[in-house]
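>>> Sequence first, then the predicted structure:
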Amino acid sequence: MPAYAKGRDPMERLAIVEERLNRLERAGREVDEVPFYPTNMRVMAYDDTATSFMTTWETIITPRAAKLSLGLVFIGDYVSPTYTGGAWQVVVNENLVIASGSVPASLTYTFPSATLDLSPYRNSPDLKIQIQTKRTSGATTGGKFGGGGSIGSAARFARQL
């Protein structure tokens with residue numbers, strides 16, 4: 001005798017949907033981690049003769065959330081007897097500076113953070129984000145690369161929230 005699949009009634013289907021919704025609500029909010037990529041082999045600003053910022057890290061994302069939370073780290077250098085300091089900025093689409101600050105002329109880390117509102121970019125398929133640094137003070141000779149001290153930088157975290 002052939003068997004026939006019995007269709008589910010609307011109340012049973014509603015119970016299944018409610019259970020799936022409850023499972024999603026218990027799981028909480030998901031966060032998208034955003035990777036940043038180095039733009040050169042050294043990933044450091046080591047030339048103090050340049051008057052403009054140098055991109056050291058960048059990424060291209062498709063905005064899928066309301067905000068981008070970004071945590072950074074910067075450190076100056078020491079080339080005896082001089083400390084190296086500088087400045088940093090985060091740029092969106094190569095022309096809009098959304099955060100900036102300074103790197104002290106010492107061997108101390110700075111841990112700035114920034115939050116970018118992604119709502120103006122929600123219709124954009126691509127959004128380019130760059131971390132840029134430049135030297136403003138320090139030794140002009142010596143150091144590992146010969147141009148004096150350097151500014152080290154990295155993205156500690158980048159999350160679409």
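Perfect, thanks for sending it. A quick note: this is a predicted structure, and the numbers were derived from the prediction, not measured. Residues are numbered from 1 along each chain as shown.
>>> Please count neighbours and contacts with C-alpha atoms only from this point.
Fine.
>>> Now do the contacts for the closest residue in space to Asn40 that isn't next to it in sequence.
Closest residue to Asn40 apart from its sequence neighbours, by C-alpha to C-alpha, 6 or more residues apart in numbering: Thr56 at 6.8 Å. Shown in contact with Thr56 (C-alpha atoms under 8 Å, 6 or more residues apart in numbering): 38-40, 43-45, 130-133, 153.
>>> switch to 10 Å and redo it
Neighbouring residues of Thr56 by C-alpha atoms under 10 Å, 6 or more residues apart in numbering: 36-45, 130-134, 152-154.
>>> any idea which helix or strand carries it?
strand 54-61 (DSSP states H and E).
>>> Please report how far Gly142 lies from Arg122.
46 Å (C-alpha to C-alpha, to the nearest Å).
>>> higher neighbour count, those two?
Set Gly142 next to Arg122 and count neighbours by other C-alpha atoms under 10 Å: Arg122 wins out with 15 against 12.
>>> Identify the residues contacting that one.
Counting by C-alpha under 10 Å, 6+ apart, Arg122 touches 62-66.
>>> swap the cut-off to 8 Å and go again
Residues in contact with Arg122 (C-alpha under 8 Å, 6+ apart) are 63-65.
>>> And for Pro81?
Counted by C-alpha under 8 Å, 6+ apart, Pro81 has zero contacts.
>>> Show me the beta-bridge partners of Tyr83.
Tyr78 (DSSP bridges).
>>> Provide a list of residues in contact with it.
Counting by C-alpha under 8 Å, 6+ apart, Tyr83 has contacts 76-77, 105-107, 137-139, 149.
>>> next one: the helix or strand bottoming out on mean pLDDT in the chain to chain centre, how far?
Within the chain, no helix or strand scores below strand 44-45, which has a mean of 74 by mean pLDDT, DSSP states H and E. Centroid displacement of strand 44-45 relative to its chain, using C-alpha atoms, centre = their mean, to the nearest Å, is 17 Å.
>>> If you count contacts, what does it end up packed against?
Here strand 44-45 touches strand 54-61, strand 127-137, strand 151-160, going by 3 or more C-alpha pairs under 8 Å, 6 or more residues apart in numbering; DSSP states H and E.
>>> Do a quick rundown of the strands in the protein.
32-33, 37-38, 44-45, 54-61, 67-75, 77-79, 82-92, 96-103, 109-110, 113-117, 127-137, 151-160 (DSSP state E).
>>> would CSV of the ones you listed with distance to Asp9 be doable?
Formatted as CSV, the strands of the chain follow (distance: least, C-alpha to C-alpha, whole Å):
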stretch, distance to Asp9
strand 32-33, 38
strand 37-38, 52
strand 44-45, 64
strand 54-61, 43
strand 67-75, 41
strand 77-79, 70
strand 82-92, 52
strand 96-103, 54
strand 109-110, 61
strand 113-117, 45
strand 127-137, 46
strand 151-160, 40
